[in-house]
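*Asks:* the following block contains a protein sequence and its predicted model.
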Amino acid sequence: MLSAADLGLLEPHLVAVSMKLRDRFEIPNKPIETILFPNVGIASVVAIQNGTEVEIGLIGCEGMSGAAIILGNQRSVNATYVQVAGEGRQISTQRLREAMDQSRSLHGLFLRYVQVFMTQTAHTAIANARAKLSERLARWLLMADDRIAGNRLALTHEFLSLMLAVRRAGVTEAVNDLESKGLIAAARGEIVLLNRKGLEKIAGGFYGAPETEYRQLIK
């Protein structure tokens with residue numbers, strides 16, 4: 001979506017990085033020093049309160065970290081760290097600000113992405129409050145599938161319990177439910193998506209609104 005001129009403002013300052021599991025790109029209430037553009041892999045934006053962590057958003061090849069910087073702040077109250085390893089490119093916060101100052105179209109595109117991300121976090125809150133666990137798990141797996149190549153996700157039940165803010169036993173029950181319906185295959189540390197349409201049916205209206213917003217505003 002970037003024009004050649006806007007890409008030219010970023011390209012010289014982008015550095016290839018390896019996204020290792022649990023690498024942190026943002027620490028709550030600390031200055032954000034770099035912005036990440038994932039190519040492969042997934043970063044989670046996680047709200048933390050009294051030692052409890054709950055995922056509120058996913059960032060993959062469709063987006064970028066640093067929403068607070070785009071909105072004119074220098075820090076976030078949330079953490080951002082890698083949950084599915086991969087690789088991407090990063091740029092210093094200062095260089096990104098300079099590029100946005102030089103181009104209204106670049107800044108405008110980033111602001112539209114932030115709107116999409118805010119839509120995602122809002123619908124995550126709705127899902128956490130209203131959806132059954134199997135519906136929430138199906139939604140999360142679909143969102144992860146949107147951001148990776150292939151149909152294999154390196155995930156543990158412990159990780160999913162953190163992301164879905166439920167006990168590990170509940171995750172195991174939800175995974176078994178989806179597996180019994182032939183929608184996924186679960187092995188130690190891995191989930192394989194077998195039937196995306198079936199997962200969409202399970203997720204129902206809890207999946208789709210942020211994705212529609214993305215298509216309208218970005219693509």
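*Replies:* Perfect, thanks for sending it. Residues are numbered from 1 along each chain as shown.

*Asks:* Gln90 sits in which helix or strand?
*Replies:* Assigned by DSSP states H and E, Gln90 falls within strand 79-92.

*Asks:* typed the wrong thing, it's Phe159
*Replies:* Going by DSSP H and E, Phe159 is part of helix 157-164.

*Asks:* whichever helix or strand comes after that helix versus helix 157-164: what angle between them?
*Replies:* Downstream of helix 157-164, the next assigned helix or strand under DSSP H and E is helix 168-180. Relative orientation of helix 168-180 versus helix 157-164 (axes from the mean of the first three to the mean of the last three Cα atoms, to 10 degrees): 100 degrees.

*Asks:* and stretch 142-161, how far out from the chain middle?
*Replies:* 11 Å (Cα atoms, centre = their mean, to the nearest Å).

*Asks:* mean confidence score for it?
*Replies:* Mean pLDDT, computed over stretch 142-161, is 86.

*Asks:* straight-line length of stretch 29-38, end to end?
*Replies:* 22 Å (Cα to Cα, to the nearest Å).

*Asks:* which residue is nearest the middle of this structure?
*Replies:* Leu58 (1.3 Å; Cα atoms, centre = their mean).

*Asks:* what pLDDT does it get?
*Replies:* Predicted confidence (pLDDT) for Leu58: 95.

*Asks:* confirm that it sits in a strand.
*Replies:* Yes - secondary structure of Leu58 (DSSP: H, G, I helix; E, B strand; the rest coil): part of a strand.

*Asks:* surely it touches Ser44?
*Replies:* Yes - if you go by Cβ atoms under 8 Å, Leu58 and Ser44 touch, sitting 6.2 Å apart. Using the backbone N, CA and C atoms, a C-beta is placed for each residue, glycine as well.

*Asks:* can you get me a residue count around the closest residue to Leu178 other than its chain neighbours?
*Replies:* Leaving out its chain neighbours, the residue that sits closest to Leu178 by Cβ to Cβ, 6 or more residues apart in numbering is Ile184, at 4.9 Å. Close neighbours of Ile184, defined as other Cβ atoms under 10 Å, add up to 23.

*Asks:* for Ile184, which residues are in contact?
*Replies:* Shown in contact with Ile184 (Cβ atoms under 8 Å, 6 or more residues apart in numbering): Leu141, Val175, Leu178, Ile191, Val192, Leu193, Leu194, Asn195, Leu199.
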